[in-house]
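Q: Structure of the sequence below:
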Amino acid sequence: MSAAAQELAVLGIATLRYQFPYMERRGRRPDPPSLCHQTVRAAVAEAARLAPGLPLVAGGRSFGGRMTSQAQALAALPAVRGLAFLGFPLHPAGRPSDERARHLAQVEVPMLFIQGTRDSLAERALMEATVAGLRAPATIHWVEGADHSFHVPARSGRTDAEIRAGLLEVLAAWVDSLP
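A: Numbers count the residues shown, from 1 in each chain. Take a look at the predicted model:
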């Protein structure tokens, strides 16, 4: 995520990176959702405090994105204009389901989902149906050949850095398009 933050800065997008408490203590088991939601809210408040004049978009990579969307669904994150997800974990590997996305129906801000076509945590047809069924404006961008971590096979001829640069350009253009 540090490389992504640096590359977003070059594209004119400021970021605030943070960790959930379990990550800080190097735990393997995630914190309870309520604590994760509090952490998201604290990070959003800090971002608004540090950059009061900038448009605010919340989101994250995998679990962080899901916790952010849950927090937004429970009670709107103040001043957040959109949610962006890098590898939304729709379901456990090998167990396709949309249960983890049901809360997205409560989100009222635009959403961007960037997903790999080989993501074992987001079966493509199910992800597309989920996004298509949302009330809020939602966009999905597929990264061809990428897995959940946006790695592509070497035979693709593309590097992880090239993949990351491309998806971050999509993210920056989406942020710029927000009202």
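Q: Could you use CA atoms for every contact and neighbour count after this?
A: OK.
Q: all helices for this protein, in order.
A: Along the chain, counting by DSSP state H, helices occupy 2-10, 21-24, 33-50, 63-74, 124-132, 160-177.
Q: can you redo those as a markdown table with mean pLDDT, distance to S97 and mean neighbour count?
A: Converted to a markdown table, the helices of the chain look like this (pLDDT from 0 to 100; distance: least, C-alpha to C-alpha, whole Å; neighbours: other C-alpha atoms under 10 Å):
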| stretch | mean pLDDT | distance to S97 | mean neighbour count |
| --- | --- | --- | --- |
| helix 2-10 | 90 | 29 | 14 |
| helix 21-24 | 92 | 26 | 13 |
| helix 33-50 | 97 | 19 | 17 |
| helix 63-74 | 98 | 15 | 22 |
| helix 124-132 | 97 | 8 | 16 |
| helix 160-177 | 95 | 25 | 15 |
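Q: how many other residues sit next to the closest residue to A105 other than its chain neighbours?
A: Closest residue to A105 apart from its sequence neighbours, by C-alpha to C-alpha, 6 or more residues apart in numbering: L134 at 5.6 Å. Using other C-alpha atoms under 10 Å, L134 has 18 other residues around it.
Q: out of the helices of the chain, nearest to V143?
A: helix 160-177 (7.5 Å; C-alpha to C-alpha).
Q: residues in contact with the residue in the chain sticking out farthest from the centre?
A: Using C-alpha atoms, centre = their mean, the residue of the chain lying farthest from its centre is R155. It sits 27.1 Å away. R155 is in contact with no residue at all, counting by C-alpha atoms under 8 Å, 6 or more residues apart in numbering.
Q: Please report the distance of Q6 from R135.
A: 33 Å (C-alpha to C-alpha, to the nearest Å).
Q: In this protein, which residue is most central in space?
A: Nearest to the chain centroid, counting by C-alpha atoms, centre = their mean: F85, 1.7 Å.
Q: May I have the beta-bridge partners of it?
A: Beta-bridge pairing of F85 under DSSP bridges involves G60, F113.
Q: chain center to stretch 56-67, what's the gap?
A: Centroid separation for stretch 56-67 versus its chain: 4 Å, with C-alpha atoms, centre = their mean, to the nearest Å.
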